[in-house]
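Sequence below, structure please.
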Amino acid sequence: MAFEVIDTPMTENTINKEAGFVFYDVDTDFASKLAMSSDDTIGSTLEAIIEQRIDWENNEYARSNAKLYCILTECYEVFQNMNGLDDESRVCQSAFKRVCKAKGYVFSDAAHLTAQVVQFVFGVNDRRRVSSYAKVLRAAQENRIAPKGLADFIIRNRGVEEIRRGNVVRIDDKKETKAKTQMSTETKGRAAIFDAVLDSFSSDTLTKKFDASAYKNSVLLLATTKDGTNFDIRRIIQEDSVISAAYKHLSKTVSEASIRQMVIEDAKVQADDESESEDDAE
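Numbers count the residues shown, from 1 in each chain. So this is what the prediction gives:
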């Protein structure tokens with residue numbers, strides 16, 4: 001997973017007379033440019049987007065949204081490269097967190113990744129604007145819009161403000177129903193964390209081994225036993241790839257009740273996230 005540093009001005013390529021502005025060339029194929037992401041790579045990519053944002057604000061803000069949509073497309077591509085549970089996405093997320101820390105950005109755990117990227121690029125002076133742009137990216141994600149289709153998605157929905165208000169043209173019901181049924185085995189297996197608790201205990205030794213910054217929903221404990229009564233914890237495992245494999249294995253045994261509970265809890269988290277964004281915007 002990697003990002004291309006944008007080091008050349010965006011060029012006009014087509015004119016949409018109906019929409020009333022030009023489109024710009026946007027290279028959204030960041031991942032094919034470099035073999036792996038790093039702090040320097042993601043940092044320089046975001047800095048390049050910031051430069052375009054400043055140029056747009058100073059020179060085009062009042063008369064054209066074309067470059068804004070281009071900047072949002074690049075923000076969306078950065079988000080998409082970090083939005084996943086695979087190892088490459090985690091590497092990008094870790095690099096992004098380090099770059100944010102170096103820049104002095106501190107985000108709450110509830111802040112959606114789209115909001116973090118947008119705030120990094122656009123700054124914190126206008127929270128309402130940051131919230132609006134983050135909602136556009138969230139709406140695009142929910143409608144499974146590819147980065148190259150973001151500008152068209154915004155135009156089709158009559159601009160950023162209409163999307164911010166929730167007036168989004170939804171995908172057709174058949175496609176939406178089909179998408180809902182395509183839950184990955186890993187996601188389905190994650191529902192196991194909503195099963196009944198078998199036992200609870202605390203341990204200072206385990207706490208010292210536990211990496212809070214790497215915690216995502218669950219950890220694995222490797223244990224042995226001689227009599228089936230007493231269990232000795234040998235390792236605490238937090239590697240994403242191992243937990244992912246465990247989720248996939250558990251997907252065969254999770255109950256429908258646990259899956260429903262997971263969906264409900266995920267929806268609550270999303271609702272709380274959106275509510276917080278609304279509060280920040282006011």
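
ok so residue 234 is a strand residue?
Yes: membership of residue 234 in a strand is supported by DSSP: H, G, I helix; E, B strand; the rest coil.

Which residues lie in contact with it in this structure?
222, 223, 224 (Cβ atoms under 8 Å, 6 or more residues apart in numbering). Bear in mind the C-beta positions are built from the backbone N, C-alpha and C, glycine included.

how much space between it and residue 225?
From residue 234 over to residue 225 the distance is 11 Å, taken as Cβ to Cβ, to the nearest Å.

Show the low-confidence segments of the protein, by residue range.
Under the criterion pLDDT under 70, the flagged ranges of the chain are 1-38, 60-64, 170-182, 267-282.

do that again at 50, thanks
Under the criterion of pLDDT under 50, the regions of the chain flagged as low confidence span 1-23, 30-36, 62, 172-181.

all strands in it, in order from the N-terminus.
Under the criterion DSSP state E, strands of the chain are mapped to 12-16, 21-24, 220-225, 231-237.

What residues does the closest residue to residue 129 other than its chain neighbours make contact with?
What sits nearest to residue 129 in space, not counting adjacent residues and going by Cβ to Cβ, 6 or more residues apart in numbering, is residue 122, at 6.5 Å. With contact set as Cβ under 8 Å, 6+ apart, residue 122 has these partners: 53, 129, 130, 133.

how about the helices in the stretch 101-250 of the chain?
For the stretch 101-250 of the chain, helices defined by DSSP state H, counting those that start in this stretch occupy the ranges 113-122, 127-142, 150-156, 160-164, 173-181, 185-190, 204-209, 240-250.

which of those helices sits most buried?
Highest mean neighbour count of the helices of the stretch 101-250 of the chain: helix 113-122, a mean of 23 (counted as mean count of other Cβ atoms under 10 Å).

That one versus helix 127-142: what angle between them?
What separates the directions of helix 113-122 and helix 127-142 is an angle of 130 degrees, with axes from the mean of the first three to the mean of the last three Cα atoms, to 10 degrees.

could you dump helix 113-122 to CSV, C-alpha only?
Extracted in CSV, the C-alpha atoms of helix 113-122 (Å, rounded to 0.1, in the frame of the first residue of the first chain):
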residue,chain,number,x,y,z
LEU,A,113,-11.0,8.1,9.6
THR,A,114,-12.5,10.3,6.8
ALA,A,115,-12.8,13.2,9.3
GLN,A,116,-9.2,12.7,10.4
VAL,A,117,-7.9,12.9,6.8
VAL,A,118,-10.0,15.9,5.9
GLN,A,119,-9.0,17.7,9.1
PHE,A,120,-5.4,17.0,8.4
VAL,A,121,-5.7,18.5,4.9
PHE,A,122,-8.1,21.4,5.6
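
Let me see the domain layout of this structure.
Annotated domains of the chain cover 12-179, 186-270 [automatic domain parsing].

so of those, which one's packed in deepest?
When you average the neighbours per residue for each of the domains of the chain (mean count of other Cβ under 10 Å), domain 12-179 leads with a mean of 17.

can you give me how far it is from the chain middle?
Between the mean C-alpha location of domain 12-179 and the chain-wide mean there is a distance of 10 Å, by Cα atoms, centre = their mean, to the nearest Å.
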